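**Student:** Next comes the sequence, and after it the predicted model I'd like to discuss.
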Amino acid sequence: MVNKPKFLPPWIALDSKDSFENELTCEVSNGRLLFGKKVTAIAKREDIDDVLFELIGEDKYAIVHLTWKGATEHSPEYPRTQLFDNWAAIGERVIRDNETYNS
């Protein structure tokens, strides 16, 4: 079993996930990468609107930049989504974000 990465600033683990999962559902339209996928929110960046989601049953993860404008603002650019195949890749991203955040 692979150890999940420790969240370093600016990433923080989420206690309350529903608002992030609901917003993702509102923002993701048909044809988008995460449309129709079951997800759970895991963590978010405290400095920007990036949220880490686990794709349930797929062993994949996504960082999504939520706009908080709901379904009325479907843009081809948003919500910006980056897919990760494993926890190691998430760990690398968390470390890189931490280095940038602290510099």
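**Tutor:** Okay, I see it. Residues are numbered from 1 along each chain as shown.
**Student:** what's the longest helix along the chain packed up against?
**Tutor:** Using DSSP state H to define each element, the chain has its longest helix at helix 87-101. Judged by 3 or more Cβ pairs under 8 Å, 6 or more residues apart in numbering; DSSP states H and E, helix 87-101 is in contact with strand 11-13, strand 60-65. (C-beta placed from N, C-alpha, C; glycine too.)
**Student:** which one of those strands lies closest to residue 93?
**Tutor:** Closest approach to residue 93 among the helices and strands packed on helix 87-101 (Cβ to Cβ): strand 60-65, 7.0 Å.
**Student:** The closest one pairs with which strands, and in what direction?
**Tutor:** Within its sheet, strand 60-65 is paired with strand 50-55 (antiparallel), strand 80-84 (antiparallel), according to DSSP bridges.
**Student:** Show me which residues of stretch 86-96 are buried.
**Tutor:** 87, 90, 91, 93, 94 (16 or more other Cβ atoms under 10 Å).
**Student:** in the chain, which ranges drop under the pLDDT threshold?
**Tutor:** For the chain, the stretches with pLDDT under 70 are 1-5, 70-76.
**Student:** Try it again at 50.
**Tutor:** For the chain, residues meeting the criterion pLDDT under 50 lie at 1-2.
**Student:** circling back: next, report how far the longest helix of the chain is displaced from the centre of its chain.
**Tutor:** Here helix 87-101 is found 13 Å from its chain centre; the criterion is Cα atoms, centre = their mean, to the nearest Å.
**Student:** Please name the bridge partners of the nearest residue to residue 80 once chain neighbours are set aside.
**Tutor:** Closest residue in space to residue 80, ignoring its immediate chain neighbours: residue 65 at 4.2 Å, by Cβ to Cβ, 6 or more residues apart in numbering. On DSSP bridges, the residues paired with residue 65 through beta bridges are residue 50, residue 80.
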